[in-house]
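Enquirer: make a model of this:
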Amino acid sequence: MFLVAYMDDLLNRCGRSLSMSPRNLQYACAISGIVVLILNLVGFAASGFLPPIPPSWDAERTAEHYREHEKGILAGAALMAISSMPYLAYTAAISAQMRRIPNLPYAARALQLASGAVAAVSFLMSGVILAVADYRLDRPAEITQALNDLFWFISILPWPAFAAQDLGLAYAIIFDCRLNPLFPKPIAMVNIVASLLFVPSIALPCFKNGPLAWNGSVSFWIPISVFGVQVVIDSICLVRAVSTDAETGEKVVDVQPTGLGTVDKMV
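Expert: As a prediction, the model looks like this:
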């Protein structure tokens, strides 16, 4: 009983501490997008995938790369899988700030939130598949090559989820026509352009060489660079938006999906 009472008192004091404030939680979620970038950058580098290995390699050469980078690939796989968690936090931060835009259609926030959840799963699956590919290197080289192909496909081809998330946020920014909007209007264009630049990578399965292959400029270098810039910019804008919250807590203005003009306020 003493231990239960002590733990209860300790947790109550933690709950009242400044570090547990709603604003600090939102700050942590807002910068989680940058954490995702760092985890994946380190993960790809540790795996020897910067630059990516060419899809034109034969099975034995691909398997040899995995044998040479066995420990680095296992570490990289763990970092990629872990990055799915901060991406969920980043998505939640965007959704929380979108709720502050008056009369924003529910569908816009739902689209952003659902797409972000799917995008987070793609980070998780990339890490899992890469770990499986590196798990039994005494297997036939052709199996390792097939798992390597699957890793690159699952890392790049889920771009529609990221594009839908960007477009949901862009819609909310454009929709916010107040004198002092929550996000600067040019950020909408950043997200729209980013989503458009993801599209050409849909042709990735058709090429083993050239700019549209998974190691090419169009399918890999341009999308990953644009994604990095977009996430950094969005994260900075999220931090700025969180800083405008009232000191007493979060204010939310939300439109219910079943009504027009039904407004809920939560203080």
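Enquirer: Leu157 and Ser201 touch, don't they?
Expert: Yes. Counting by Cβ atoms under 8 Å, Leu157 touches Ser201, with 7.1 Å between them. Just so you know, the C-beta spots here come from the backbone N, C-alpha and C atoms, and that holds for glycine as well.
Enquirer: how far away from the center of its chain is the longest helix seen in the chain?
Expert: The residue-count maximum for a helix in the chain (DSSP state H) belongs to helix 106-133. Mean-position distance between helix 106-133 and its chain equals 7 Å (Cα atoms, centre = their mean, to the nearest Å).
Enquirer: after it, next one along is what?
Expert: helix 141-156 (DSSP states H and E).
Enquirer: quick one: average pLDDT of that following helix?
Expert: Mean pLDDT, computed over helix 141-156, is 96.
Enquirer: what do you get for stretch 93-112?
Expert: In the prediction, stretch 93-112 has an average pLDDT of 94.
Enquirer: which parts of it are buried?
Expert: Buried residues in stretch 93-112, defined by neighbour count with 16 or more other Cβ atoms under 10 Å: 93-101, 104, 108-109, 111-112.
Enquirer: and it, how far from the chain's centre?
Expert: The answer for stretch 93-112 is 17 Å, by Cα atoms, centre = their mean.
Enquirer: may I have that stretch exported as CSV, CA atoms only?
Expert: The C-alpha trace of stretch 93-112 is given here as CSV (Å, rounded to 0.1, in the frame of the first residue of the first chain):
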residue,chain,number,x,y,z
ALA,A,93,1.1,17.9,-33.9
ILE,A,94,-0.1,18.9,-37.4
SER,A,95,-3.6,17.6,-36.7
ALA,A,96,-3.7,19.5,-33.3
GLN,A,97,-2.8,22.8,-35.0
MET,A,98,-5.2,22.2,-37.9
ARG,A,99,-8.0,22.0,-35.3
ARG,A,100,-7.3,25.7,-34.4
ILE,A,101,-8.4,26.8,-37.9
PRO,A,102,-12.1,28.0,-37.6
ASN,A,103,-14.6,26.0,-39.7
LEU,A,104,-12.0,23.8,-41.3
PRO,A,105,-13.8,20.9,-42.9
TYR,A,106,-13.4,17.7,-40.8
ALA,A,107,-12.3,15.8,-43.9
ALA,A,108,-9.1,17.9,-44.3
ARG,A,109,-7.9,17.0,-40.8
ALA,A,110,-9.0,13.4,-41.1
LEU,A,111,-7.1,13.1,-44.5
GLN,A,112,-3.9,14.5,-42.9
